[in-house]
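Peer 1: can't give you the sequence, but here's the structure:
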């Protein structure tokens, strides 16, 4: 299976990547150029990385069997509401639209996110 994951360098995403790779599946992980990949450094050489800064609406992507979103921001005192909405909803929707634009037939879409209000 060929899996596209957004948020794979976070706590949950890194665990999902490790588990999926242990089953022999291929992973493409969308990350920021500034992402810390420490959580996946033991197997990062087996992951295909795409930088979100390089993704544009006409980006050509390969076929994926599954799109998993684990990227999430939550409200803290120093984070604006728009930043939370952008990370949790808008950016994953844009990535999904890129997949649709490229006629990528994704059979499964999984969204994991935490929405915490303090």
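Peer 2: Happy to help now that I have it. Note that the structure is predicted; figures quoted are calculated from it, not measured.
Peer 1: Would you mind confirming that residue 73 is in contact with residue 87?
Peer 2: Yes - counting by CB atoms under 8 Å, residue 87 is a contact partner of residue 73 at 4.1 Å. The way it works is simple: take the backbone N, C-alpha and C, and place the C-beta from them, glycine included.
Peer 1: so which strand or helix has residue 61?
Peer 2: Assigned by DSSP states H and E, residue 61 belongs to no helix or strand.
Peer 1: oh, I was asking about residue 30
Peer 2: For residue 30, the element it lies in under DSSP H and E is strand 26-31.
Peer 1: strand partners of that strand, parallel vs antiparallel please.
Peer 2: Counting by DSSP bridges, the strands paired with strand 26-31 are strand 2-6 (parallel), strand 48-51 (parallel).
Peer 1: Tell me which of those strands sits most buried.
Peer 2: strand 2-6 (a mean of 22; mean count of other CB atoms under 10 Å).
Peer 1: Just give me how far the strand holding residue 30 sits from the chain centre.
Peer 2: Centroid separation for strand 26-31 versus its chain: 7 Å, with CA atoms, centre = their mean, to the nearest Å.
Peer 1: Likewise for stretch 61-76?
Peer 2: Distance, centroid of stretch 61-76 to centroid of chain: 3 Å (CA atoms, centre = their mean).
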